[in-house]
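Chemist: sequence unknown, structure follows:
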């Protein structure tokens, strides 16, 4: 492993079991550890330090891109220790960079203590499975674990389309092809368009971020391919609304029909601090497609999904607030952290008062 000026900071991040490294002129290097930003030294970084560390890791072509387009995404392999997803950008103080840690070993569903519904969705032969949530909520880790389950259990052709490639899956039972936007395809939509011609059984999409990519993913999912993808959205209802609102009004009826037929499920997740502060706990909202859910999508009644989520617990469905309630009752997370992540904070505050009579509801939540 070649020593670089950033190596000591990577090592410090890994020793602290951090998830992200932030480098910014005028601030100390910061590590996100169990959800909180922590300085790795007292002295702020100078412009020369930041530029030296960041430019040392890129090719001349990548350096030209960041200086001309003011933004760059790529993956970086740190010897045998780790891989990072890197984002370089410019802000008021100058050049900055954020590195997201990608474990070299893909965790299994069992190692993640994933609910059975994740395994059932991964074992689907077709349909669209969306993993959604805010940045840093573990979407990539969940998708990688689901893909790993497929890779070790089925003789299929897997195609990943990412910007950049994050987890690298070595072929087990499956054939695995990784394609990266930029070096291998001009866009996510372009790569999805050719996926059907590449005889893919399973397609993983790092992020569905354009109407064109959404449309191609829906077409693939409706044609007998299992499509696993992530999106930035908070909750199953917000995810569906974002998809539908991505298309012009005259096209929405058609999209609703395809989405109703092809949606296998939505896993909307958030990560919260554990009670002991030593780890993170996954809180999950689960929506499964078909039946009454498909009818609500087709009939423009997505706003009524919450009742289906609450009523579908026997099938593995749950609202975010239902899962948060169970996590508080189990002593896994604090009532304060749970209330911060709840979708209906006023109703959840009443639930907390029933669970924890001594819990004092913040003034901004009181009716």
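Modeler: Yep, that arrived. As the structure is a prediction and not an experimental result, all values here were calculated from the model.
Chemist: which parts of the stretch 1-150 of the chain are helices?
Modeler: In the stretch 1-150 of the chain, the helices defined using DSSP state H, counting those that start in this stretch lie at 7-15, 47-55, 60-69, 116-122, 139-151.
Chemist: can I get the ones you listed in a markdown table including mean neighbour count?
Modeler: All C-beta atoms are positioned from the backbone trio N, CA, C, and that covers glycine. Below are those laid out as a markdown table (neighbours: other CB atoms under 10 Å):
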| stretch | mean neighbour count |
| --- | --- |
| helix 7-15 | 16 |
| helix 47-55 | 16 |
| helix 60-69 | 13 |
| helix 116-122 | 18 |
| helix 139-151 | 23 |
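Chemist: can I get those helices in JSON lines with mean pLDDT and distance to residue 209?
Modeler: Below are these laid out as JSON lines (pLDDT from 0 to 100; distance: least, CB to CB, whole Å):
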{"stretch": "helix 7-15", "mean pLDDT": "94", "distance to residue 209": "27"}
{"stretch": "helix 47-55", "mean pLDDT": "95", "distance to residue 209": "24"}
{"stretch": "helix 60-69", "mean pLDDT": "92", "distance to residue 209": "17"}
{"stretch": "helix 116-122", "mean pLDDT": "96", "distance to residue 209": "22"}
{"stretch": "helix 139-151", "mean pLDDT": "96", "distance to residue 209": "13"}
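Chemist: now do the helices in the stretch 251-367 of the chain.
Modeler: Using DSSP H, counting those that start in this stretch, the helices found in the stretch 251-367 of the chain span residues 291-298, 305-311, 320-329, 335-341, 345-355.
Chemist: these: which one's closest to residue 215?
Modeler: For these, proximity to residue 215 was assessed by CB to CB; helix 291-298 is nearest, at 15.8 Å.
Chemist: return the distance of the closest one from the chain's centre.
Modeler: 25 Å (CA atoms, centre = their mean, to the nearest Å).
Chemist: quick check: buried residues in that helix?
Modeler: Residues 293, 294, 296, 297 are the ones in helix 291-298 that count as buried (16 or more other CB atoms under 10 Å).
Chemist: the last one contacts residue 260, doesn't it?
Modeler: I take that to be residue 297. Yes: using CB atoms under 8 Å, residue 297 is in contact with residue 260, at 4.2 Å.
Chemist: how long is stretch 66-73 end to end?
Modeler: Length of stretch 66-73, first residue to last, CA to CA, to the nearest Å: 9 Å.
Chemist: contacts for that stretch?
Modeler: With contact meaning CB atoms under 8 Å, 6 or more residues apart in numbering, stretch 66-73 is reached by 58, 62, 65, 85, 86, 87, 88, 89, 90, 95, 163, 164.
Chemist: nearest to residue 347, out of the helices of the stretch 1-150 of the chain?
Modeler: helix 116-122 (24.0 Å).
Chemist: by contact count, what packs against the closest one?
Modeler: Using 3 or more CB pairs under 8 Å, 6 or more residues apart in numbering; DSSP states H and E, the elements in contact with helix 116-122 are helix 139-151, strand 263-273.
Chemist: low-confidence stretches in the stretch 251-367 of the chain?
Modeler: 366-367 (pLDDT under 70).
Chemist: can you report how many residues neighbour residue 79?
Modeler: For residue 79, the count of nearby residues is 12 (other CB atoms under 10 Å).
Chemist: and the pLDDT at it?
Modeler: Per-residue confidence (pLDDT) for residue 79: 82.
Chemist: tell me the two of the contacts of stretch 66-73 that are most distant?
Modeler: 95 and 163 (20.8 Å).
Chemist: tell me where the stretch 101-250 of the chain has strands.
Modeler: Secondary structure of the stretch 101-250 of the chain by DSSP state E, counting those that start in this stretch: the strands cover 127-132, 157-162, 175-180, 202-205, 226-231.
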